[in-house]
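In: below: sequence and its predicted model.
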Amino acid sequence: MTQDELKDAVAAAALDEIRPRLERDSVLGIGTGSTANRFIDRLAALRDDFAGAVASSEASAERLRGHGIEVFELNSVGTVPFYIDGADEVNAHLHLIKGGGGALTREKIVAACAERFICIADASKRVARLGEFPLPVEVIPMARSYVARELVKLGADPVYREGVVTDNGNQIIDCYDFPIDDPVGMEARLNAIVGVVTNGLFAARGADVLLLGTDGGVERLTPQ
Ligand code: 5RP
């Protein structure tokens, strides 16, 4: 199967996962990226069965509205029963690297407000150790050089993602050559650098369920 077919398969599986639990007043948390987009497109068929969604990016909000799905402000919703989103890497504990699409901060906020985080990913995203994919760090623009120097001290090779401004008006540094043995500890250390808004490690709050698209079918995994 192609990677696109695997993404389609996990999007369909996520819809099956939430469908029996949808209520008329449910507001869903929706992620960002090509896998999340496939889920949004499928969710359109159920739009009369739930109230709407909170989006983790302007791009996803626009796509949801395009399907006639109402988009709510997170502050007016509180918690969401499900957050459905892709990932750039996932390990056996369902710790993730996210933010390849630059939406990491809003993704982390919506995930924090979710009762259940369902991660949807094709098999290429599964890793034994996080860090092959460059870890994104969102920074306040004036702090970019300072944060980069601190990242070097932690062993990373930081590269400014030129030309990218996040939905929050900030910039992104990608950490290359940065294998991560302790995702929970590293997430906290990165957050403690002044000027860091968020980092793309989702370990303190990882996924609760992983729907992983493989050639043998969609595997449903929970944290080890
Ligand atoms: C965006 C993300 C995405 O979930 C991640 O980049 C995976 O994207 P895709 O589904 O296109 O492979 O974190 O910020």
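Out: Noted; the coordinates are in hand. Worth saying up front: this structure is predicted, and the values here are computed from it rather than measured.

In: contacts for the longest helix anywhere in the chain next, please.
Out: Secondary structure of the chain read by DSSP state H shows that its longest helix is helix 3-18. Outside helix 3-18, the residues that touch it by CB atoms under 8 Å, 6 or more residues apart in numbering are 1, 28, 34-35, 38-39, 41-43, 46, 82, 84, 86, 118, 120-124, 209, 211-214, 217-218, 220. Any C-beta I mention is one placed from the backbone N, CA and C, and that applies to glycine too.

In: give me the buried entries from those.
Out: Buried members of these, counted by 16 or more other CB atoms under 10 Å: 28, 35, 38-39, 42-43, 82, 84, 86, 118, 120-122, 209, 211-213, 218.

In: rewinding a little: using PDB, list the CA coordinates for the longest helix of the chain.
Out: Taking C-alpha atoms only, helix 3-18 is exported to PDB below (Å, rounded to 0.1, in the frame of the first residue of the first chain):
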ATOM      1  CA  GLN A   3       1.700   6.000   2.200                       C
ATOM      2  CA  ASP A   4      -1.500   7.900   1.100                       C
ATOM      3  CA  GLU A   5      -3.500   4.700   1.200                       C
ATOM      4  CA  LEU A   6      -2.200   4.000   4.700                       C
ATOM      5  CA  LYS A   7      -3.200   7.500   5.800                       C
ATOM      6  CA  ASP A   8      -6.700   7.000   4.300                       C
ATOM      7  CA  ALA A   9      -7.000   3.700   6.200                       C
ATOM      8  CA  VAL A  10      -6.200   5.200   9.600                       C
ATOM      9  CA  ALA A  11      -8.500   8.200   8.900                       C
ATOM     10  CA  ALA A  12     -11.300   5.700   8.300                       C
ATOM     11  CA  ALA A  13     -10.400   3.700  11.400                       C
ATOM     12  CA  ALA A  14     -10.500   6.900  13.500                       C
ATOM     13  CA  LEU A  15     -14.000   7.600  12.300                       C
ATOM     14  CA  ASP A  16     -15.000   4.100  13.300                       C
ATOM     15  CA  GLU A  17     -13.400   4.600  16.700                       C
ATOM     16  CA  ILE A  18     -15.400   7.800  17.600                       C
END
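
In: all set now, cheers.
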